[in-house]
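Engineer: Prediction below, plus the sequence it came from.
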Amino acid sequence: MSDHPADRVHSLMYVSRRRVSPPLDDGDIDHLVEGAQVFNSEHAVTGALIATHLFFAQHIEGPESVIAALIDRIRIDPRHYDVRVISQAQNAARLFAEWAMAYRGTARYFDRDIEPAIDGSAKSDQHSRRLLAHMIESERYERLKIR
């Protein structure tokens, strides 16, 4: 990929609180991920998702107009509230080029990194960097599991 602005990929990371009644189980999340994978494949979007029983954190990357429309859809999705974009950038390459949506399963462990980003107590981008590292680790885990 060249470094020309038109060739760059837009990336965005958001966090949100889960609004679900009754609570989503792992099967519901799997269904959500499958739908996202189809949409993302059709629209040149890649990324990774972390879901806990309280929060979502997602890194999405693709054409800027598609990412903008996608975050608008997420903001009105009834499963989300308090959606906060915690980082966005134009990058020369994708982090999750092989994954329409990398996802490993729900884990409460990540709440400690998501909650400060949601409630505004994060003093730096340390939590978003840590979340991105968890997502990259999940993507690598999935790639190894498939082989």
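Structural biologist: Received the coordinates, thanks.
Engineer: tell me the contacts of Val83?
Structural biologist: 14-16, 71, 74-75 (Cβ atoms under 8 Å, 6 or more residues apart in numbering). Where you see a C-beta, it was placed from the backbone N, CA and C, and this is true even at glycine.
Engineer: Looking at the closest residue to Tyr14 other than its chain neighbours now. What's its pLDDT?
Structural biologist: Beyond its immediate neighbours in the sequence, the residue positioned closest to Tyr14 (Cβ to Cβ, 6 or more residues apart in numbering) is Val85, lying 4.9 Å away. If you check Val85, the pLDDT there is 93.
Engineer: and the gap between Val85 and Asp28?
Structural biologist: 24 Å (Cβ to Cβ, to the nearest Å).
Engineer: Ok, Gln58 next?
Structural biologist: Taking Cβ to Cβ, one finds Gln58 at 16 Å from Asp28.
Engineer: cool, and Pro78?
Structural biologist: Distance from Pro78 to Asp28, by Cβ to Cβ: 13 Å.
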